[in-house]
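K.L.:
Structure here, sequence nowhere to be found:
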């Protein structure tokens, strides 16, 4: 096509210029982000628009890249743990778990049952807090300001509870290979018992206020149609694949911890749209409450760290291990390779958001620009996790 | 081995690792030219792509593809050896769209070139001036044999000597040595 500007005159960076090379006739190139409120963190998407319709989209990553995988090769197995809470700060406990799970698998380390229950309770509380934040932020993207206030109100209670056991409010790193770092404080289980009916009493209000709202439904229904076949090609997991009709949950598919002893369902929606993904997450709040309810009653007394648990200079036996857990955004995988020293030889982090976002370019094609905001939000992106 | 997913595809090694200690149900080594056909069959057999990761070893850069199923846990590791002097592997992005980003990440971190990747530009690192951060110095590299425990080997091609006991330094590909010298 005939450009008004020559290639040299086109402003922008490497990615803009490259994107411009394939510019279609009568289109507008628009950079959404990296500082756009709806991209949550610093994600940039270059869009080619025909009117309000997206012809082509290309996410540009790396603005929050910290090379966590290289850091692993310069720390011991234990001193790398705090990195996990910073990969995905919204579901830090799950990342902790994926990593210590890989270490335990490598070293053949047993975990006391009490510690397994502590992991389940904290992981599910953290999942609820993650879903609540997603809920508030997603609706903020869609133009509804009030819900995030309610979400943060409830999330605050969880942060208080988790702070009492872990010492931190967001970037938890209190899981250890062989258990957890601290036993529960005395009031912990009572606080969780009180929290369950509290959140349950709020869910009908959330539904009446938001889920049943016509405007909200119009922004989500039949938006971002994601067939299961596409989830498979891109490796999408978590609420994204469950919103496309597949009951895939690592807690059931590849059971770990004490999840097999707990009764819960995998919420599934087969509408394949943003609303499906929304409804899955809302139903998961209730399922996490169910898990909590059982876990606080079933938790046995005992040790919370196995005897002979790895010390800071612990050397892992040579070999490799892959461990996956179900995070709030999907399958978190840690692939550890050990050469027998105290430092991992290689640590690959599989971030669910990475795979979930990778399908965006294909999904956004032909949709309205305003729907792209809804689609991105429905994928529940946490950029630090994607960039690692 | 009848009705196997990879029937007719020449596998360098096919093994069943210890699932409890590795998390893998099957461990396969393939020649680079076979990875596209393998990916095609995995897609038809309802496998999804978990991730692609690199591993720098003394022998070569190992490209690991992890596949699994939604309906049951059957994690499969497919491995392709990319020599240090010419780390080039065909891209599977045309079959598994999600591979595009994983491959670009690997190019960033290890300098592996994926032929046929639709958008072969840096994904996470800056477009200029950054060296491959996960490549190790020659003295830090360890042998593939040290870290990969293939478990029960079901099939091994006669040309594949990576795990045979007599395979010491002399069995190392000569060209790799030259490139590192």
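P.N.:
Nice, I can see it. Computed from a predicted model, the values in this text were never measured in an experiment.
K.L.:
How about stretch A:57-71 and chain B, touching?
P.N.:
Yes. Applying C-beta under 8 Å from any C-beta of the partner chain, one finds stretch A:57-71 touching chain B at A:58, A:61-62, A:65, A:67, A:69-70. No exception for glycine: its C-beta is placed from N, CA and C like everyone else's.
K.L.:
give me phi/psi at residue A:47?
P.N.:
When read as degrees, to the nearest 10, the backbone of residue A:47 gives phi -120, psi 140.
K.L.:
The residue lying closest to it once chain neighbours are set aside: how many residues sit nearby?
P.N.:
Using C-beta to C-beta, 6 or more residues apart in numbering or on different chains and skipping the chain neighbours, the partner closest in space to residue A:47 is residue A:30 (4.7 Å). Applying other C-beta atoms under 10 Å in any protein chain shown, we find 13 residues neighbouring residue A:30.
K.L.:
Partner strands of the helix or strand harbouring residue A:30 and their direction?
P.N.:
For residue A:30, the host element (DSSP states H and E) is strand A:28-32. According to DSSP bridges, strand A:28-32 forms sheet pairs with strand A:44-50 (antiparallel).
K.L.:
Report all helices and strands that the helix or strand following the partner strand contacts.
P.N.:
Proceeding N to C from strand A:44-50, the next assigned helix or strand is strand A:53-60, under DSSP H and E. In terms of contacts (3 or more C-beta pairs under 8 Å, 6 or more residues apart in numbering or on different chains; DSSP states H and E), strand A:53-60 is packed against helix A:14-21, strand A:44-50, helix A:360-364, helix A:369-378.
K.L.:
Show me the contact partners of the longest one.
P.N.:
Outside of helix A:369-378, the residues that reach it under the criterion C-beta atoms under 8 Å, 6 or more residues apart in numbering or on different chains are A:30, A:32, A:38-39, A:43, A:45, A:47, A:49, A:52-54, A:57, A:137-138, A:141-142, A:219-220, A:223-224, A:243, A:274, A:277-278, A:360, A:363-364, A:367.
K.L.:
ditto for the first one
P.N.:
The list of residues contacting helix A:14-21 from outside it, by C-beta under 8 Å, 6+ apart, reads A:7, A:10, A:12, A:29, A:31, A:44, A:46, A:48, A:56, A:58, A:60, B:121, B:127-128.
K.L.:
where does chain A dip in pLDDT?
P.N.:
For chain A, the stretches with pLDDT under 70 are A:1-11, A:37-40.
K.L.:
again but with chain B, I slipped
P.N.:
In chain B, residues with pLDDT under 70: B:1-2, B:164-181.
K.L.:
now the strands: where do they sit in it?
P.N.:
Assigned by DSSP state E, the strands in chain B fall at B:11-16, B:26-30, B:47-56, B:61-69, B:76-82, B:88-90, B:113-115, B:152-156.
K.L.:
Those strands: which one's closest to chain A?
P.N.:
strand B:47-56 (3.8 Å; C-beta to the nearest C-beta).
K.L.:
Report the distance from the closest one to the chain centre.
P.N.:
8 Å (C-alpha atoms, centre = their mean, to the nearest Å).
K.L.:
nearest residue to the most centrally placed residue in chain A other than its sequence neighbours?
P.N.:
The residue lying closest to the centre of chain A (C-alpha atoms, centre = their mean) is residue A:329, at 3.2 Å. Setting aside the residues directly before and after it, residue A:329 is nearest to residue A:352 in space (C-beta to C-beta, 6+ apart), at 4.4 Å.
K.L.:
wait, which of the helices and strands packed on strand A:53-60 is closest to residue A:183?
P.N.:
Within these, the stretch nearest residue A:183 is helix A:369-378; the backing value is 38.4 Å (C-beta to C-beta).
K.L.:
Next, the angle strand A:44-50 makes with the closest one.
P.N.:
With axes from the mean of the first three to the mean of the last three C-alpha atoms, to 10 degrees defining the directions, helix A:369-378 sits at 150 degrees from strand A:44-50.
K.L.:
mind giving me the domain split of chain A?
P.N.:
A:14-60, A:68-387 (automatic domain parsing).
K.L.:
Show me what counts as buried in stretch B:107-115.
P.N.:
B:107-114 (16 or more other C-beta atoms under 10 Å in any protein chain shown).
K.L.:
Equivalent analysis for stretch A:341-348, please.
P.N.:
Quick answer for stretch A:341-348 (16+ other C-beta under 10 Å): A:342-348.
K.L.:
Closest one to residue A:301 out of the buried residues of stretch B:107-115, please.
P.N.:
Nearest member of the buried residues of stretch B:107-115 to residue A:301, counting by C-beta to C-beta, is residue B:109, at 45.8 Å.
K.L.:
May I ask you to confirm that the closest one is in contact with residue B:130?
P.N.:
No. Using C-beta atoms under 8 Å, residue B:109 is not in contact with residue B:130, being 9.9 Å away.
K.L.:
Now do the contacts for the residue lying closest to residue A:298 once chain neighbours are set aside.
P.N.:
Excluding its sequence neighbours, the residue lying closest to residue A:298 (C-beta to C-beta, 6+ apart) is residue A:117, at 6.7 Å. Residue A:117 makes contact with A:258, A:295, A:298-300 under the criterion C-beta under 8 Å, 6+ apart.
K.L.:
Quick check on those residues: which are buried?
P.N.:
Neighbour counting with 16+ other C-beta under 10 Å marks A:258, A:295, A:299 as buried within those.
K.L.:
Reduced to three states, what does residue A:210 come out as?
P.N.:
helix (DSSP: H, G, I helix; E, B strand; the rest coil).
K.L.:
Can you name the residues that contact it?
P.N.:
Applying C-beta under 8 Å, 6+ apart to residue A:210 gives the contacts A:135, A:139, A:144, A:147, A:216.
K.L.:
how does it look with 7 Å?
P.N.:
By C-beta atoms under 7 Å, 6 or more residues apart in numbering or on different chains, the residues touching residue A:210 are A:139, A:144, A:147, A:216.
K.L.:
again, but for residue A:93
P.N.:
A:122-123, A:126, A:172, A:175 are the contacts of residue A:93 under C-beta under 7 Å, 6+ apart.
K.L.:
now swap in residue A:31 and tell me
P.N.:
A:16, A:44, A:46.
K.L.:
related to what we said a few turns ago, tell me the one of the buried ones among the contacts of residue A:117 nearest residue A:79?
P.N.:
For the buried ones among the contacts of residue A:117, the residue nearest residue A:79 by C-beta to C-beta is residue A:258; the value is 27.8 Å.
K.L.:
nearest residue to that closest one other than its sequence neighbours?
P.N.:
That would be residue A:116: by C-beta to C-beta, 6+ apart, it lies 4.5 Å from residue A:258.
K.L.:
swap in residue A:171?
P.N.:
Leaving aside its sequence neighbours, residue A:171 sits nearest to residue A:85 (C-beta to C-beta, 6+ apart; 3.6 Å).
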